[in-house]
Structure formats: structure tokens, C-alpha cells
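Peer 1: What follows is a predicted protein model with its sequence.
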Amino acid sequence: GRKEMLGSKADFLHVDQSKLRDFQMHLYPAIAEQGFFHLPDFSMKRKDGTVFPTEHTVVSLEDEHGKRIGWVSVVRDISERKVAEDALKESEKELREQAKALEEANIALRVLLGHRDEEKKRLEDTVFSSLQKLITPYLQRLKETTLSREQQAYVDILEANLYEIASPFTDKLSSKYQGITPRELEIAGLIKAGKTNVEIADLLGITEHAVSFHRNNLRSKLGLKHKRVNLRSHLLSLA
């Protein structure tokens, strides 16, 4: 206990003679330079031989003539603090490992998404190529036959819509710009195909005023309101 320690030499608290010699080798230069020796984390030994962490401070005790007459050695058990520090270090290590695992998962996800995008592009190219080989020639022959004005318009729409199916235009438009209605998507496709308000009104069975209303809504939702940007040119740029 404390009474047992008071007035005693602290040599027996050192782990072994080698540690004691190392301690003394650093002690005297520190005392000569700054008047004390402080070790914030220093292992020492209890009476039962168990080693424990301490904060150890030694001060030189001198008389009025400056002659050293002894030492004041303060040993503070920091076992609880070390346990807390070790627990904190372990938590930080776990957090770093979790962050690393999360980063690796993100990298893997980006790779998978990249492969998915590549596969999607390959599929789109395949569909587009098949459309040109198997359907476009027959549509062209149909357009060269004698058709009424209305029939010609429907063939044009059929051709345009087939190419829309084979392209990501509609998906891009609806995913990038929230709130676009199915009717607005339909009109956007016809505008992109070069149809006028009159032609769109005839094809969809609505008034020109309704077409203008939907065009204005599209411009607003696409961020083109009050801008001198051609709606068809903008839609073509999204294709």
C-alpha cells in the first residue's frame, strides 16, 4: 500500500535489472536538463510479480545548497486508461476495416454496373441492327407503295416508334426529367421525328391548342422555358 511505499526505494518496482539500467541511463540526463523525468507510459511490476502500465514521474530533491539529497518518485497506475485506449484503438481498427470493406464493395458494385451498362449497350446495338436488317427494308417498300396521306403518316409514326424502342431516348427522357407524362413522351417522340403541331394533332386526334399546351409543358420540364432553344434540336441531343 501507500504506507509501505513511502520512504522506500522504487527499484523493486522495475520489471527487471535491464529495464532498471535503461531507466537510470535516461533519468540522469533528463534531471540535469529539466529537473525532472517523466514517462507517460512505463511498465512496472507489482509485489506479486504482475506487470502493469504506469505514468512515472521522478523529481530530484535538493537541499538549500543545490545538493541532491534524494528523489521523489510518483508512480500512477494507468491500467484502466490503457484498457479504454486499447478498446478505442480496436474500435478504430474495426471502423477502418469496415470502411475498407465498404470501399471494396463500392468498387465491385461500380464494376458490376459498368458491365451492366456494357451489356445494355450491346443489347441495344443488337436490337438496332436487327431492326435495320429485318424491318426497315419492308417499311421502306411499304412507303414506296400508293398510300393515302393518313396511311403515310401512320407508317412514318410506326417507323419512328420502332426506332424509339431500339434507342434509349424515352428512358433517358423519363428518368432524367421527373414528372413527364405518357402523353408528353408521345408528343416528344413525334416532335423529334419532325412532325408539326398540325400533324401531331391529326395523328393523336387532339386539338392544336392541346399540342401547344403539351409542348409548353415539355419546355418547362426540360428547363427550356424563356430560352431561345429549339425543342426538337434539344430532344435530338438527348437521343
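Peer 2: Arrived safely. All of these numbers come straight from a predicted model, not from anything done at the bench.

Peer 1: hey, where'd the helices end up in the protein?
Peer 2: Secondary structure of the chain (DSSP state H): helices at 2-5, 17-34, 79-134, 136-143, 149-166, 169-176, 182-192, 197-204, 208-221, 231-238.

Peer 1: name the helices or strands packed onto the second one?
Peer 2: Counting contacts by 3 or more C-beta pairs under 8 Å, 6 or more residues apart in numbering; DSSP states H and E, the secondary-structure elements packed against helix 17-34 are strand 36-45, strand 51-62. No exception for glycine: its C-beta is placed from N, CA and C like everyone else's.

Peer 1: Would you tell me which of those gets closest to L113?
Peer 2: Proximity to L113 (C-beta to C-beta) singles out strand 36-45 among those, at 48.3 Å.

Peer 1: Can you add distance to R110 and give the helices and strands packed on helix 17-34 back as JSON lines?
Peer 2: Formatted as JSON lines, these follow (distance: least, C-beta to C-beta, whole Å):
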{"stretch": "strand 36-45", "distance to R110": "43"}
{"stretch": "strand 51-62", "distance to R110": "45"}
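
Peer 1: Please identify which of those strands is closest to G179.
Peer 2: Ranking the helices and strands packed on helix 17-34 by proximity to G179 (C-beta to C-beta) places strand 36-45 first, at 62.9 Å.

Peer 1: ok and that closest one relative to helix 79-134, angle-wise?
Peer 2: Interaxial angle, strand 36-45 versus helix 79-134 (axes from the mean of the first three to the mean of the last three C-alpha atoms, to 10 degrees): 80 degrees.
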